[in-house]
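**Q** Next come a sequence and a model predicted from it.
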Amino acid sequence: MATEKLGATGRITTVTTYRSLLSSRDRRTFTSTAGRHSVTALLETLQKLAKKAEGEAQANRRSDTTDTSPKVRKYAVLSKKTLSAFIDRKRAPEDRITLLERVEGEETARDKGARPLDGRLSAGDMSSSIEFITTPTADTPGTTIILRTQTNNHYVFGSQAEGIQRALVQQGTRLLKVKDFFLTGRTEWKNVGGMAGMMLTMTDATSTSYAQNLATWEKAKERGRVTDPPVKPQFNIYGPPNLKHMFGTCRRFIFRKGVPIVATEYTDKTLSTGSGGAHLPSFEDDFLQVWALPVTPLRREVNAQADADLEEEIRRWELSGNTFQDHQAPDNETAEERQIRHDRIRSVTVKHMFDSSWSFDTLVERHISEVEMPTALFVRNADASGYKPYTGPKPGGQEPLPDIMVWTRTPWPGAKIMSLPPTRPAPECISYIVRTYPARGSFDVKRAKELGVKQGPDFGKLSNGQSVQNVNGETVTPDQVLGPDRPGQGFALLDIPSVDYLEAVVEREEFRSADLMKGIEGFIWTLGSGVAGHPTLNAFMSKFNSVKHIISSADATPNRIAFDSVAGQTTRLAQVDPARYQVPQYDLTSLPQKQLSESEQMQQTITLPENAVVADRGLSATLMPKFDLKPDTRQAHFDPEAVKKETAPEVLELARAAQKAVQDAQKEYEPWRALLAHPGTEITTLGTGSALPSKYRNVSATLVRVPGVGNYLFDAGENTMGQLQRVFPPEELTQILRKLRVIWISHLHADHHLGTASVIKAWYHIKHNNVPNPSLPAAATAASNVDDFGLSVISHDGMLQWLREYSSIEDFGYSRILPLEITPATIGVGGSILAINGKTTSGDLRIARQDYPSLFGFADIQSVRVAHCHGAMAVSITFPPSTSDHNVKPLKVSYSGDCRPSQPFSKIGKDTTVLIHEATFDDELAGDARAKKHSTTSEALGIGARMNAKAVVLTHFSQRYQKIPVLQTVQDGESASAEEDLIAATEDAEADDMDPTTDTTMQNSDIRPPPAGPAVPQPPKLVHQASPLAENGRVIKVRNKDMKVAIAFDYMRVKLKDIIELEKYNEALNELLVKEVEDEVEGKEEAGVNANGKRSSEDEQGKGVSKKQKKKEKAKSQRNN
């Protein structure tokens, strides 16, 4: 958008046009006309363009071919005021003329801010910088850069890999000003695995802020204050092909309202050129321009069979899978037209996920025979005061249906989309050239005064490139008072995943364009294995020897600790309990970084040119006014020895006492240990937090290793693979993954499964060397083909469908797994059944129970539905007796996932050896637990007591507290009221057992009430003011004296037989956490942060703060926003 002053007549104030929305011919016409002094000629030209645009708009509306991508809109939408201005020539000079008015609720990329006046930035607005947020490490596999500006939006460039949210939290970097994300590389999980979680967090935060701002604006409006309403938020994501498809596959577990996400995919076909072949920017706003560089290998094999297979898959999808009524295939459609239609379908899907008008409390009445299952059915209460679950015969069942009307929820839009248009992995790898606009020179105050310009607003106008009149009525132009322009500065961000792409990148013609490369002072290289140091790359760097080259690659950057806070905590935990904790794995010397491999890895020295530096976390550079690399901003590497020295002496004293007590009590432990089957079973808690990653706790994942049987992963939240690499050295982890037999996903909330694809891909690489399986599994022969399908993923249908859909984007190993849907058991009726899901096979899909040991290593698996969300399940797995187990019941592992305490779960878990149960909330927050369908500590222990469990591992803690509960075993004759009340607390969720007007989560796996407030009544919440940790009096009774309890932290490795030892360490651990919290509070107070987490006012901090300190704090605040 450009806004230009017309001083010739003095009557027209402003003319606003969206140049990017006009054809190149029309754009030149407008530009030449706008430079004339004839307003009449200008209006005639604008009138012609407006009529043409409106005619195209009407035609496009009829054909429904609107392209709503952020880059371009096919037609202009004219307001009545604008049309009237053009039709009635007499009114035009008095009106502000606007060529395009924003469609309500929609904002295009070029619409966010006008191109700066005369294409230059003002001197005060040009300051900008870039900073590396991540470089390749074990738990931050990608390279991410943030570009900050002084007054405008910020931008994120690079990968959005798993772990990116946690990295931002670790560094205290907030993305409040970020609306545009530019993804590099290909659409594959190692590049985009953190995008879904990031967008969930960003949309939640932004929608909450928008709702608050809107409420404030409405109140001001009621008081008569007229201001513009807050702008509806929107996020724009730019990247490679299949980006929309990736988002679309997540529709079963992502649903947000009111924050549109617009994805733009770049290919060579989407790039445009101007006159003379000039490269036009793919993106521009009021601060910078971005040129996308889609790259494919120069030598690529054509797979005719794969092309034919895709065509056949598309044909079948159009016949039976396309549920989009408005996007059915027309006759005689070309392949290009089909691709455009499929792209619209994916765009609509993403819109449904983030910007739907669906209401949480909408219920529809219909005859029971018309209901499409599965869905929850309700009937009116007898007094018509509410609803209750319908429990009679349902559609699709064996019993005849009654002649009644029932109520059902209207499915959220994503649930209606059964499948997406077929696609396949795209070879395009995206890089970018980024450059700011040039900036005007410095304002010469002395010269302005000499020319008679009055100090005040006129100074600002001249600084912004506008002419003014001096005190004598003479015109003073900006060039009279401004110094020489500063050229725009920028960098190239080049992603080369393999040597196959190298030649195609360095031969791009953009690098031969003097105009485009002007001001590009840095090349940032994100390189895959074997690319750094390649002769072709070094030759290119030597050619551009006057610029800085920054290398970010696992071949050149060490595997440093990325999450210092949890590493520090784990190091201190290892001082307290060295048997369960150790310093996280890292390696600052091995280059290339050690990979997961069974073969010996050779170290090698990579030769880089003299003008090349290695990237590191925190490395930054000033972009404007002059590109200046700042190596001193690199963040120091994690130092475990320094951390150990900071541990409080009283903590170490308690730790020594605990270690001695454990040693002295070994004989006392023998009777309990004799009750255990497979006592050497090891439990590793990889992620013990809830909802989203934090400094100290990652999201859910627990690894169980049964010696001589195999390894089992219960849930796999985002960055589970990174957590594994911090716990186990590469050699050991390679063997762990090779012996991985089952991944269990309890439900579809993102914090429980977004790491699944990475784990499967690592297993696929180790076990099958990335070679796909061309055959399909058959239930009858699966046990005899264990080597072909060695890893089973057992879960809900929605999870398995996500794996299948995502496999069309990337070969991550789906062809080698057994996707198994489990039928929840009905107590007293029948047990669980495993059946192959998502792969077309012949014959019976059910796995025979006698095949369980050879396929999975266990003898039985039972699951039940639990009260948390649609499809949520708890599971109990029983292993065959081992020859070393004498007179003890077989090993049984029970896992709750997320849930309210469940009576059916306690039944299938009867006599469990170890129960791994969520304990999201402290007992004092029981109201929150009920409202959010989680369990408290006492409720989790109560389930363990009812199961007669030998051990309980508590996990999935709320990120709001880090306390250790005080556990006391109930003595004979003593009451344990909390556990005795369990029967009343259990919630059996045969799924939908709540009044639909009070439940907002049962239909969608990730639906949350809108931020402005719940649409329907919610259960009451218990307001609790937490007491200081030092006064911890939260005593929790354990009813079963033979049940031992472990409080889990990330990276804990505990053998089943050693859980009995952990209670000895609770006092030392609690003291450690007290000290950590005290240190954090002191740190915040020193930084001027009050108890609410907000920056204190000057009065709170004391007025003796120096101006220098205030300036320093302000700079830090701007950096972190």
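**A** Cool, the structure landed.

**Q** does Ile164 really touch Thr144, like I thought?
**A** Yes: because the distance of 5.8 Å satisfies Cβ atoms under 8 Å, Ile164 is recorded as touching Thr144. C-betas here are computed from N, CA, C, even on glycine.

**Q** Identify the contacts common to those two.
**A** Residues touching both Ile164 and Thr144 (Cβ atoms under 8 Å, 6 or more residues apart in numbering): 133-134.

**Q** His549 touches Ile520, doesn't it?
**A** No: using Cβ under 8 Å, His549 is not in contact with Ile520, being 11.7 Å away.

**Q** how far away is the closest residue to Asp268 other than its chain neighbours from Arg338?
**A** Closest residue in space to Asp268, ignoring its immediate chain neighbours: Pro294 at 5.4 Å, by Cβ to Cβ, 6 or more residues apart in numbering. Computed as Cβ to Cβ, to the nearest Å, the Pro294 to Arg338 distance reads 21 Å.

**Q** quick one, which of His549 and Ile520 is more surrounded?
**A** More neighbours surround His549 than the other of His549 and Ile520, with 23 against 20 (other Cβ atoms under 10 Å).

**Q** Contact partners for the more buried one?
**A** Residues near His549 by Cβ under 8 Å, 6+ apart: 522-523, 525, 541, 608-609, 611-613.

**Q** which SS state does it fall under?
**A** strand (DSSP: H, G, I helix; E, B strand; the rest coil).

**Q** Can you name the residues bridging to it?
**A** Phe523, Ala612 (DSSP bridges).

**Q** of Pro294 and Arg338, who's got more company?
**A** Neighbours around Pro294 and Arg338, counted as other Cβ under 10 Å, are more numerous at Pro294. The numbers are 23 against 15.

**Q** what helix or strand is the residue nearest the centre of the chain on?
**A** Centroid check for the chain by Cα atoms, centre = their mean gives Gly197 as the closest residue, at 2.0 Å. For Gly197, the host element (DSSP states H and E) is helix 195-222.

**Q** Give me the buried positions along that helix.
**A** Buried residues in helix 195-222, counted by 16 or more other Cβ atoms under 10 Å: 195-203, 205-207, 210-211.

**Q** Now the element after it, going C-ward?
**A** Note on helix 195-222: by DSSP H and E, the next helix or strand toward the C-terminus is strand 235-239.

**Q** Would you format the buried residues of helix 195-222 as a markdown table with pLDDT and distance to Ala919 included?
**A** What follows is the buried residues of helix 195-222, written out as a markdown table (pLDDT from 0 to 100; distance: Cβ to Cβ, whole Å):
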| residue | pLDDT | distance to Ala919 |
| --- | --- | --- |
| Met195 | 97 | 30 |
| Ala196 | 95 | 26 |
| Gly197 | 94 | 23 |
| Met198 | 95 | 27 |
| Met199 | 95 | 29 |
| Leu200 | 93 | 23 |
| Thr201 | 92 | 23 |
| Met202 | 93 | 29 |
| Thr203 | 92 | 28 |
| Ala205 | 89 | 26 |
| Thr206 | 90 | 31 |
| Ser207 | 88 | 29 |
| Tyr210 | 90 | 34 |
| Ala211 | 89 | 31 |
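
**Q** Check these against Cys869 and report the nearest one.
**A** Using Cβ to Cβ, the shortest approach to Cys869 within the buried residues of helix 195-222 belongs to Leu200, at 14.5 Å.

**Q** Provide the count of other residues in contact range of the nearest residue to that closest one once chain neighbours are set aside.
**A** With Cβ to Cβ, 6+ apart as the criterion, Leu200 has its nearest non-adjacent residue at 6.1 Å, and that residue is Ala750. Neighbour count of Ala750, defined by other Cβ under 10 Å: 21.

**Q** can you check Val453 too?
**A** 22.

**Q** so it touches Val468, yeah?
**A** Yes: between Val453 and Val468 there is a contact at 6.2 Å, judged by Cβ under 8 Å.

**Q** Identify the contacts common to these two.
**A** 462, 476.

**Q** Look up how far Thr334 lies from the nearest residue to the residue nearest to the centre of the chain once chain neighbours are set aside.
**A** The shortest distance from Gly197 to any non-neighbouring residue, by Cβ to Cβ, 6+ apart, is to Glu718 (5.2 Å). Distance of Glu718 to Thr334, computed by Cβ to Cβ: 40 Å.

**Q** Many thanks, we can stop here.
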